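> I'd like to go over a predicted model; first the sequence, then the structure.
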Amino acid sequence: MIERMVTIKNRAGIHARPAALLVQTASKFKSKIYIEKDTDRINGKSIMGIITLGASYDTRLKLIADGEDEGAAVEALAHLFDSKFEED
């Protein structure tokens, strides 16, 4: 299992487009993927779960991947956060 902290850097936070990008990216991997905000843990492959986190600008989230391609999965998802979901 690999965990990594990320910060939402795009001003609009996690809305429909970034949530869709996260799900599309997470779905490419066999590993189980979770995203945690405070005490809430959701399935990283569920668009509704991601949207219901209500994650806004500057929110810290924990990415968690568990499986055979966990390292690549966390790197790919963290890249989306680092690139501000290509919105800026």
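Looks like it arrived, so ask away.
> And the strands in this structure?
Remark: strands assigned in the chain by DSSP state E are 2-7, 32-37, 40-43, 60-66.
> what about the helices in this protein?
With DSSP state H as the criterion, the chain has helices at 16-26, 47-52, 70-82.
> how about these, which one is nearest Ile35?
If you check each of the helices of the chain against Ile35 by CB to CB, helix 47-52 wins as the nearest, at 6.5 Å. All C-beta spots, glycine's among them, are computed from the backbone N, C-alpha and C.
> pLDDT on that closest one, on average?
What helix 47-52 shows for mean pLDDT is 95.
> low pLDDT regions in the chain?
Scanning the chain with the threshold set as pLDDT under 70 gives 88.
> Packed most tightly, which of the strands of the chain would that be?
Mean neighbour count (mean count of other CB atoms under 10 Å) peaks for strand 32-37 among these, with a mean of 20.
> Kindly reformat the helices of the chain as TSV and extend each row with mean neighbour count.
Below are these laid out as TSV (neighbours: other CB atoms under 10 Å):
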stretch	mean neighbour count
helix 16-26	18
helix 47-52	16
helix 70-82	17
